[in-house]
Every structure is written in structure tokens, then in C-alpha cells.
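> Dropping a prediction and its sequence here:
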Amino acid sequence: MHPARFVDLLFVYAGVVLVLQAGFFNGWELGPGLLSQAVTGVAALLFPVVRARQPVEERTPSRYGPFVYVFVGLCLLLTTLLVVAVVSS
């Protein structure tokens with residue numbers, strides 16, 4: 001899989017997890033915490049849509065490197081936080 005496409009999938013995954021976390025951490029009560037995390041999640045979901053207009057060859061990153069590996073680690077951290085929130089509620 002091309003690294004840019006993999007990063008796009010990670011952005012979609014992170015966006016979904018952030019929106020779900022916003023609800024679990026804030027109890028789906030409208031407030032600054034819910035709004036900020038939900039807006040961040042929606043922005044992460046929209047980022048790959050904007051990048052889809054570019055040809056795959058022009059997208060970055062063009063190879064696997066520190067950015068991709070750190071992003072995978074951050075997605076794992078997001079997943080862990082979501083699981084902890086669901087289990088503790």
C-alpha cells in the first residue's frame with residue numbers, strides 16, 4: 001500500500017476514534033470539551049477528502065518513515081484511551 005494512502009486511512013480512523021472519544025469522555029453533554037474534540041475528529045475525517053483530489057504520486061509521504069510510524073503510535077494511543085473510556089463507563 002502506498003504510504004500516502006495508508007496515512008489517509010489513519011486520518012479516517014483517528015477522526016472516527018476522536019468523535020467517539022468526545023462522546024465517551026464528555027458523556028455526550030454539549031460543552032467545550034465535546035465540541036473541541038468533535039471538531040478535531042471531523043477535521044481529521046475531512047483531511048483525506050481534500051487530499052483525494054491530488055494524484056497519489058504527488059501526495060506525501062512518498063515512503064514509510066518516522067512520520068508514518070509516529071502516526072501509527074498515536075492511533076494506538078487513541079484506541080487505548082477509547083477502550084479505557086468504554087470499559088470504565
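Received, thanks.

> which non-adjacent residue is nearest the spatially most central residue of the chain?
The centroid of the chain falls nearest to residue 14 when counting by C-alpha atoms, centre = their mean (1.7 Å). Spatial nearest neighbour of residue 14, chain neighbours left out: residue 44 (5.0 Å); criterion: C-beta to C-beta, 6 or more residues apart in numbering. Backbone N, C-alpha and C define where each C-beta goes, glycine included.

> Could I get the pLDDT score of the residue nearest to the centre of the chain?
In this model, residue 14 is scored at 95, pLDDT.

> hang on, it packs against residue 74?
Yes. Between residue 14 and residue 74 there is a contact at 7.3 Å, judged by C-beta atoms under 8 Å.

> returning to that earlier point: can you tell me the element the residue nearest to the centre of the chain falls in?
If you go by DSSP states H and E, residue 14 is part of helix 3-26.

> can you list contacts of that helix?
With contacts defined as C-beta atoms under 8 Å, 6 or more residues apart in numbering, helix 3-26 is touched by 33-34, 37-38, 40-48, 51-52, 56, 59-65, 67-68, 71-72, 74-75, 78-79, 81-82, 85-86, 89.

> Can you list the residue ranges for helices in this protein?
Remark: helices assigned in the chain by DSSP state H are 3-26, 32-51, 66-88.

> Quickly compare those and say which is most buried.
helix 3-26 (a mean of 18; mean count of other C-beta atoms under 10 Å).

> For that one, C-alpha coordinates in PDB please.
Taking C-alpha atoms only, helix 3-26 is exported to PDB below (Å, rounded to 0.1, in the frame of the first residue of the first chain):
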ATOM      1  CA  PRO A   3       2.300   5.300   2.300                       C
ATOM      2  CA  ALA A   4       0.100   8.300   1.500                       C
ATOM      3  CA  ARG A   5      -2.900   6.100   1.200                       C
ATOM      4  CA  PHE A   6      -2.100   4.400   4.500                       C
ATOM      5  CA  VAL A   7      -1.800   7.900   6.100                       C
ATOM      6  CA  ASP A   8      -5.200   8.800   4.700                       C
ATOM      7  CA  LEU A   9      -6.700   5.700   6.300                       C
ATOM      8  CA  LEU A  10      -5.100   6.600   9.600                       C
ATOM      9  CA  PHE A  11      -6.600  10.000   9.400                       C
ATOM     10  CA  VAL A  12     -10.100   8.500   8.900                       C
ATOM     11  CA  TYR A  13      -9.500   6.100  11.700                       C
ATOM     12  CA  ALA A  14      -8.300   8.800  14.000                       C
ATOM     13  CA  GLY A  15     -11.200  11.000  13.100                       C
ATOM     14  CA  VAL A  16     -13.700   8.300  14.000                       C
ATOM     15  CA  VAL A  17     -12.000   7.500  17.200                       C
ATOM     16  CA  LEU A  18     -11.800  11.200  18.200                       C
ATOM     17  CA  VAL A  19     -15.500  11.700  17.600                       C
ATOM     18  CA  LEU A  20     -16.300   8.500  19.700                       C
ATOM     19  CA  GLN A  21     -14.000   9.600  22.400                       C
ATOM     20  CA  ALA A  22     -15.600  13.000  22.600                       C
ATOM     21  CA  GLY A  23     -18.800  11.300  23.500                       C
ATOM     22  CA  PHE A  24     -17.500   8.800  26.000                       C
ATOM     23  CA  PHE A  25     -15.200  11.200  27.800                       C
ATOM     24  CA  ASN A  26     -17.700  14.000  27.900                       C
END
